[in-house]
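J.: What shape does this take:
(2 chains)
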Amino acid sequence: MLLLPLLLIPLLTAIFTYFSGKNAKYVSLFGSLLNAVYVLFLLYTYNTTGQETIRFSVPWIPQLGTSFSLMLDGISLMLTILSAIVMPMVLYASFNRDYPDRHVLYALMMLMDAAMAGSFIAADGFLFYVFWEIALIPIYFICLKWGGEGRQRITLKFFLYTMLGSLFMLFAFIYLYQHTPEKTFALQALYEAGRSLSIAEQGLVFAGIFLAFAIKMPIFPFHTWQPETYYIAPTPGAMLLSGIMLKMATYGIIRWLIPVVPQGVAEYGIWAVGLAVVSILYASFISIVQRDYKRLIAFASIAHVGLIAAGLLSVNVQGIQGGLVEMLSHGVNTVGLFFVYDIIVTRTGTSDMDKLGGIRAIDPRLGFMFLVIVLSVVALPFTNGFVGEFLLIIGLFQYNQVLGALAGLSIILGVIYMFRSFQKMMLGEVKDEAINYKKQTRQETLLLLIVCVFIVGFGVYPKPILAISEKSVLELLQGIAQ
Amino acid sequence: MAILALLAVLGLSFSNFGNAELVFNMASLDGFSRPFLMVLCTLGILWFWGFRRFFEEEKTTTDYFALTLFSFAGAVCMVSYTNLAMLFLGVEILSIPVYVLAGSRKSDVRGNEAAFKYFLLGAFSSGFLLFGIALIYGAVGTFDLGEITAKLASLTPDNQSLVQIGFVLTVAAFAFKVAAAPFHFWAPDVYEGSPTPITAYMVTVVKVAAFAALLKFFQAFEGAIPQTVAWAVYALCFLTLMVANLVAASQKNVKRLMAYSSISHTGFMLTGIFSQQVGAENLLVYYSLVYGIASLIAFRVLWFLRNEVADIQDFKGMLHTNQLAAVAVILAMLSMAGIPPLAGFIAKYRVLAAASAAGQGWLVVVGILASLLAIYYYFKIIIVMFEPWETAPNRELKLADKVFLYVCCALLLGLTVWPVV
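T.: Next up, the predicted model:
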């Protein structure tokens, strides 16, 4: 029962937002803040009850062996916190921008929030798949209606691509389902079914499920939809896509891949980790030569998520914990990065970095806050980016030293492309496009300030966040070891 | 007049709930036929309701009414037969009025072409059906399905091969009726040429009746189908899924597109019922209901656009000009494309699960690819609706039609949240 509000609050907010006309932004912000407060309450409950997993289950379609089961342990809670933090930020970021039919936009965003929350707490394979797909529909329409040039083709490609992957995941789930003794999609039953398979079968199931996640994250070579989609997506859409949505895939690796086919992961996981590392390097190098700031963020996102995936698939405490922390940091940082893009592009009309320059001289506050975000993205100690990436690289290093070393390069490469973007846009001479640049508004400052506070606060004292998921991660690893 | 007919059909459907088993010697109202009758009646009522103006506009209203109801009676025979002779009668009663209705716009060349083509090929397939039934009769010595099933095990090898040929021929005839590739060539032309309401009738009532009959036929022969024949049917499924979706992806005419989409759904339904056979009733009932309602929405809106050529661009900007119709079509398209969590997804899912349970993993992969292709062309329509509109043909839907769309959408969503069967 405790878990239902996680779905109902965003869902009801979506409905109210749709009918609230001009007040849509306030209604949706209120709903998302309410959701955040509720998540804090859940966190409190979770900690005071000795971190017991909270469960909820009612029958749904018994003929298909699926029930409406939800569960919340430390891992799910981390992701729930992520979406609870990021969602109000995304809504607030779009407050002073002109979007036609914004009540529809906000309603779709809240609907997506509900679906993503559902996928983070689903404890039934079928239900997870359903939430996973529901999340796709609003973002498709957001990009289709409010997107930029060429959106029809690009969004369709995005939709088909992710759908292809998830259908293979569904196929893998059906396969597992048929190996469960009582024909059910329940999480635990799927775990048992997966573990009873031969190594070769586990490898196939692994491939099917991993494909879905690899497309969603995305990982090279399944990434081709991503830069385009981020580029045409309206800023809130891009924030949602990279801030929360891709975490559905990384979360999926922890919950729906590693424990389902542990031997398959042990046997064939090296291929996936290898791909992830290739993905890191490839995306980093492309980021270095990007001229457009938004595309740079898109590729940087591929690099970071590649590192998360590689760390998670190392299957050790550091890797998984690091991955969870990095998901949280990446979610917040991405919002910051996209918001800086939004601020600059609404003033200058371009995100081409060659045409920009000297903004710091005009607006030092923006320059400073952007610098903080950049430092966090390049994982400077005492920022939140450092905690996650450090753990991830330790985890990966234990798994395979060569791959660990290669992935470690990502930090250096990250410094190159992030500093380069900072230098081009913020320093140097003031170029034509930036000449009439207006200082940032109070709303913009406030949002960036929240991001910065989070970055520094969590970077200096990460212990409470790490503690949320630690127990669950250890349990998960014990379960696999048996 | 329209209301009268509506009430008649309503009464018919309600009588199903109360009726005890009425056993004639050739048909029976039992656990198998009752759910299908309900589906047929639901679709029939919705169809009469949504397309009632079709009757008001034409001059010879009564004729059309009689023809549709007559053909509906054929559909009822087809879902409740227990005797192959009755099956044949049902098929003919169903088809002949539809041949006439397909050509009901007498001055229209395409309509005439459609009717003629449908009639000619339909007569051909009836021949196949009759031939198949005759061969089965020759081998087993009875038309009764129950007796056929009982006698199948104790046949001489000669008679067995006769039964097999008869089975293949009958399935081929059915494949024609439900438009499964490679017996589908008539479908796009006929669906395009016929008046839109009649097309809607063909893709819903006619198709559901034919599928129910086919399922019953499969069940009677369950276990007696040799591997080679089974492979032939699976090949039929494969071809239907691939051909329909590949061709549909390149269509610009919405009616043709819907025709191919309907063929693709044939592929799914065929896959489902052949993989599962025993106990596939629920699957088929659910699938036909979901597919039927979504089709009715699509054709109703298509008819509202009133353009008999119905280019995909006719939908342009509909989201801005006619929001209700646009949202209904989006819902129908999403459902038909099998996007979770809509009912169409659950229906397709059950089909794929059945195929997977029957050990036809490759068919599952084909089904997945097919539904991806399907997303591509259904989304083409959705994307067009999102485009800004230039010319606004600002015609409003009538209140009753709005209610019709609301009811259809509600049913579709209801089947999503609460998948009854």
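J.: buried set for stretch B:268-288?
T.: B:268-277, B:280-281, B:283-288 (16 or more other CB atoms under 10 Å in any protein chain shown). Backbone N, C-alpha and C define where each C-beta goes, glycine included.
J.: Output that stretch as PDB, nothing but the C-alphas.
T.: Output in PDB follows, covering the C-alpha atoms of stretch B:268-288 (Å, rounded to 0.1, in the frame of the first residue of the first chain):
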ATOM      1  CA  PHE B 268      -1.300 -12.800 -35.800                       C
ATOM      2  CA  MET B 269      -4.600 -14.400 -35.200                       C
ATOM      3  CA  LEU B 270      -3.800 -17.400 -37.400                       C
ATOM      4  CA  THR B 271      -0.500 -17.800 -35.600                       C
ATOM      5  CA  GLY B 272      -2.300 -17.700 -32.200                       C
ATOM      6  CA  ILE B 273      -5.000 -20.100 -32.900                       C
ATOM      7  CA  PHE B 274      -2.900 -22.600 -34.800                       C
ATOM      8  CA  SER B 275      -0.200 -22.600 -32.200                       C
ATOM      9  CA  GLN B 276      -2.500 -23.100 -29.300                       C
ATOM     10  CA  GLN B 277      -5.600 -24.800 -30.800                       C
ATOM     11  CA  VAL B 278      -7.200 -26.200 -27.700                       C
ATOM     12  CA  GLY B 279      -8.200 -23.400 -25.400                       C
ATOM     13  CA  ALA B 280      -7.400 -20.800 -28.000                       C
ATOM     14  CA  GLU B 281     -11.000 -19.500 -27.800                       C
ATOM     15  CA  ASN B 282     -10.200 -17.000 -25.200                       C
ATOM     16  CA  LEU B 283      -7.200 -15.700 -27.100                       C
ATOM     17  CA  LEU B 284      -9.200 -15.400 -30.300                       C
ATOM     18  CA  VAL B 285     -12.200 -13.800 -28.600                       C
ATOM     19  CA  TYR B 286     -10.000 -11.200 -26.900                       C
ATOM     20  CA  TYR B 287      -8.000 -10.500 -30.100                       C
ATOM     21  CA  SER B 288     -11.000 -10.200 -32.300                       C
END
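J.: does that stretch come close to chain A?
T.: Yes. Legend: contact between stretch B:268-288 and chain A by CB under 8 Å from any CB of the partner chain is shown at residue B:282.
J.: now that stretch: mean pLDDT?
T.: For stretch B:268-288, mean pLDDT is 85.
J.: what do you get for stretch B:304-319?
T.: pLDDT averaged over stretch B:304-319 gives 73.
J.: and it, how far apart are its ends?
T.: Counting by CA to CA, to the nearest Å, you get 14 Å between the two ends of stretch B:304-319.
J.: now swap in stretch B:215-234 and tell me
T.: Start-to-end, stretch B:215-234 (CA to CA) is 15 Å.
J.: Report the buried residues of that stretch.
T.: Neighbour-count burial for stretch B:215-234, counted by 16+ other CB under 10 Å, picks out B:215, B:216, B:217, B:218, B:219, B:220, B:221, B:224, B:225, B:229, B:233, B:234.
J.: quick one: residue B:409 and chain A, what's the gap?
T.: Distance, residue B:409 to chain A, using CB to the nearest CB, to the nearest Å: 15 Å.
J.: where do the helices sit along the stretch 351-482 of chain A?
T.: Ranges of helices in the stretch 351-482 of chain A, per DSSP state H, counting those that start in this stretch, are A:359-362, A:364-377, A:384-399, A:401-426, A:442-460, A:463-481.
J.: chain center to the last one: distance?
T.: If I follow you right, that is helix A:463-481. Here helix A:463-481 is found 20 Å from its chain centre; the criterion is CA atoms, centre = their mean, to the nearest Å.
J.: Packing partners of that helix?
T.: helix A:24-48, helix A:74-93, helix A:317-348 (3 or more CB pairs under 8 Å, 6 or more residues apart in numbering or on different chains; DSSP states H and E).
J.: 10 Å instead?
T.: With contacts taken as 3 or more CB pairs under 10 Å, 6 or more residues apart in numbering or on different chains; DSSP states H and E, helix A:463-481 sits against helix A:24-48, helix A:74-93, helix A:187-196, helix A:262-289, helix A:317-348, helix A:384-399.
J.: could those go into TSV alongside distance to residue A:227 and mean pLDDT?
T.: Below are the helices and strands packed on helix A:463-481 laid out as TSV (distance: least, CB to CB, whole Å; pLDDT from 0 to 100):
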stretch	distance to residue A:227	mean pLDDT
helix A:24-48	28	89
helix A:74-93	20	90
helix A:187-196	34	88
helix A:262-289	8	90
helix A:317-348	14	90
helix A:384-399	21	90
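J.: Just send the ones you listed back as a markdown table, with distance to chain B and mean neighbour count too.
T.: Below are the helices and strands packed on helix A:463-481 laid out as a markdown table (distance: least, CB to the nearest CB, whole Å; neighbours: other CB atoms under 10 Å in any protein chain shown):
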| stretch | distance to chain B | mean neighbour count |
| --- | --- | --- |
| helix A:24-48 | 17 | 18 |
| helix A:74-93 | 19 | 24 |
| helix A:187-196 | 14 | 20 |
| helix A:262-289 | 17 | 20 |
| helix A:317-348 | 22 | 25 |
| helix A:384-399 | 31 | 24 |
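J.: Just to check, residue B:314 is in contact with residue B:254?
T.: Yes. Proximity of residue B:314 to residue B:254 meets the contact threshold set by CB atoms under 10 Å, at 7.0 Å.
J.: Mind listing the shared neighbours of the two?
T.: B:301, B:302, B:305, B:307, B:381, B:384 (CB atoms under 10 Å, 6 or more residues apart in numbering or on different chains).
J.: re the thing from before, so residue B:314 and residue B:254 - more neighbours on which side?
T.: residue B:254 (26 against 18; other CB atoms under 10 Å in any protein chain shown).
J.: Next one, pLDDT for that one please.
T.: pLDDT, read off for residue B:254, is 85.
J.: now swap in residue B:8 and tell me
T.: pLDDT, residue B:8: 66.
J.: The one 3 residues further on now?
T.: The per-residue pLDDT reported for residue B:11 equals 64.
J.: Can you say which of the helices and strands packed on helix A:463-481 is nearest to residue B:204?
T.: Nearest of the helices and strands packed on helix A:463-481 to residue B:204, taken as CB to CB: helix A:187-196 at 37.4 Å.
J.: Buried ones in the helix or strand just after the closest one, by neighbour count?
T.: Remark: after helix A:187-196, the chain's next helix or strand is helix A:199-216, criterion DSSP states H and E. By neighbour count with 16+ other CB under 10 Å, helix A:199-216 contains the buried residues A:201-216.
J.: Isn't residue B:418 up against residue A:60?
T.: Yes. When contacts are counted by CB under 10 Å, residue B:418 is listed as touching residue A:60 (9.4 Å).
J.: tally of neighbours for residue A:252?
T.: Residue A:252: 24 neighbours (other CB under 10 Å).
J.: What residues does the closest residue to residue A:458 other than its chain neighbours make contact with?
T.: Closest residue to residue A:458 apart from its sequence neighbours, by CB to CB, 6 or more residues apart in numbering or on different chains: residue A:384 at 4.2 Å. Contacts here follow CB under 10 Å, 6+ apart; on that basis residue A:384 touches A:325-326, A:328-330, A:332-333, A:376, A:454-460, A:462, A:465.
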